[in-house]
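Undergrad: got a sequence here, can you build the structure:
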Amino acid sequence: MIEEGDTVIIGVSGGADSVCLLFVLLKLREKLGFSPVVVHVNHQVREDAGEDALFVKELCDRWQVPFYQVTADMKAYARERKLSEEEAGRQIRYRAFEDALLMEYEKQKNASEISVSKEEWMAKTKIAVAHNSNDRAETMLFHLFRGTGLKGAAGIRPVNGRIIRPLLAISRKELEDYLIQNGLTWRTDSTNASDDYTRNRIRHHILPYAEKEIVSGCVSHMAQTAGMQSRKFAAARFCI
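TA: Residues are numbered from 1 along each chain as shown. Alright, predicted model coming up:
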């Protein structure tokens, strides 16, 4: 996922998943030889969203990581483009990550820290996001409910172009336990408790029921299945 000399944009919302991602990658940066950059996106959905941004900035100041903040009106963006709010938020985040890469390139170029072309520098960049095995299971179910092939059955892929997901094999409980063991705190997004979003309804009702009443460990089993489908899809594309 990460090679020596890479610049890695790390999407950090302030929630447990992304704080864990940041902490783990920072512990690995010297060993792997990459440069981390944090991007936080404020979707302006909650009144306390500014506190999330401040929390993430304080982490970056403490751990000496470059920090970029992007503010966008997610609901207005969704209305203008006739998108669901979930899809609008996703598009805003990934556009912010790409924009941050360009800003980081210009900053380093102006500081005479790099001498390569923009194309060469961009070829050595990654975008790390904090999806975990629970997210993968939720996405897999969502795709299956709508009807899907190998690609959809893979849920979320660990690598998709420059996008990497280092925590995809880790459950939400495991990463929260890890943060607690290391004395780290995180922010809780109040919208995660709402059933307004499709993913939340799967998260709050379907997966807990399946875990309790059908098969214990179903999330990890689904993650294994998604991984197999991802490899099959990659092999099928290679053959074509």
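
Undergrad: show me what the helix ranked longest in the chain is packed up against.
TA: Determined from DSSP state H, the single longest helix within the chain is helix 85-110. Packed against helix 85-110 by the contact rule (3 or more CB pairs under 8 Å, 6 or more residues apart in numbering; DSSP states H and E) you find strand 7-11, strand 35-42, strand 67-71, helix 74-81, helix 118-122, strand 125-128. The C-beta positions use only the backbone N, C-alpha and C, and glycine is treated the same way.

Undergrad: need these in CSV (columns: mean neighbour count).
TA: Listed next are the helices and strands packed on helix 85-110 as CSV, based on neighbours: other CB atoms under 10 Å:
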stretch, mean neighbour count
strand 7-11, 23
strand 35-42, 23
strand 67-71, 17
helix 74-81, 14
helix 118-122, 13
strand 125-128, 23
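
Undergrad: got JSON lines for the ones you listed, with distance to Lys212 and mean pLDDT too?
TA: Below are those laid out as JSON lines (distance: least, CB to CB, whole Å; pLDDT from 0 to 100):
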{"stretch": "strand 7-11", "distance to Lys212": "31", "mean pLDDT": "96"}
{"stretch": "strand 35-42", "distance to Lys212": "34", "mean pLDDT": "95"}
{"stretch": "strand 67-71", "distance to Lys212": "39", "mean pLDDT": "94"}
{"stretch": "helix 74-81", "distance to Lys212": "33", "mean pLDDT": "92"}
{"stretch": "helix 118-122", "distance to Lys212": "46", "mean pLDDT": "91"}
{"stretch": "strand 125-128", "distance to Lys212": "32", "mean pLDDT": "96"}
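
Undergrad: ok, which of those comes nearest Ile163?
TA: Closest approach to Ile163 among the helices and strands packed on helix 85-110 is made by strand 125-128 (4.9 Å; CB to CB).

Undergrad: partner strands of that closest one, parallel or antiparallel?
TA: Within its sheet, and counting by DSSP bridges, strand 125-128 is paired with strand 7-11 (parallel), strand 163-164 (parallel).

Undergrad: contact partners of it?
TA: 1-2, 6-11, 21, 25, 34, 94, 97-98, 101, 162-166 (CB atoms under 8 Å, 6 or more residues apart in numbering).

Undergrad: now the buried members of the residues you listed.
TA: Among the contacts of strand 125-128, those scoring as buried are 2, 6-11, 21, 25, 34, 97-98, 101, 162-166 (criterion: 16 or more other CB atoms under 10 Å).

Undergrad: perfect, that will be all.
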